[in-house]
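> Show me the folded form of this:
(one chain, ligands or ions: 1)
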Amino acid sequence: MFVRTIDEIRGTDREVFAENRNWVSRRLVLKNDGMGFSFHETIIFAGTETHIWYKHHLEAVYCVEGEGEVETVADGKIHLITPGTLYALDNHDEHYLRARKDMRLICVFNPPLAGTEIHLADGSYPLSD
Ligand code: 9YT
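Purely as a prediction, here's the structure:
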């Protein structure tokens, strides 16, 4: 087994900032850990809107702090995100993520991220191989 803390990850290549500084992702479990998923703590900064469309990944997102909303593009539905709420992108759903307060989110990706991915212009991450 292994044990890791967020504090160990700060300032390493497992800490990735969005190019537009909308969020920071601290990646506790990655592909080369061999778990079959990756596991991240992501802070979405207050006042930001991020277009996301994971065409190659499934993602589950669990809010532990803060407040925001997610809007699915296909139907325009807006879901409030507060601590204790999980949303699952089980259909590669294109969406907008907006934070009213800094949101602390626990995110799980299948397939796992390799580590250094940043969002492409279309809101996706590339497949790592
Ligand atoms: C919720 C979400 O997908 N935010 C973007 C960053 C992503 N969670 C990541 O790379 O950790």
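> before we move on, which element is the residue positioned nearest the centre of the chain in?
Of all residues in the chain, the one closest to the mean position by C-alpha atoms, centre = their mean is C107, 5.1 Å from it. Per DSSP states H and E, C107 falls inside strand 95-110.
> List the pairing partners of that strand within its sheet, with orientation.
Neighbouring strands of strand 95-110 in its sheet, by DSSP bridges, are strand 38-44 (antiparallel), strand 49-52 (antiparallel), strand 58-72 (antiparallel).
> Shouldn't D7 be within a strand?
No - D7: not assigned to a strand; according to DSSP: H, G, I helix; E, B strand; the rest coil it is helix.
> Can you give me the pLDDT of it?
Note on D7: pLDDT of 97.
> Could you tell me how many residues sit around it?
Counted with other C-beta atoms under 10 Å, the neighbours of D7 add up to 8. Every C-beta, even on glycine, is put in place using the N, C-alpha and C of the backbone.
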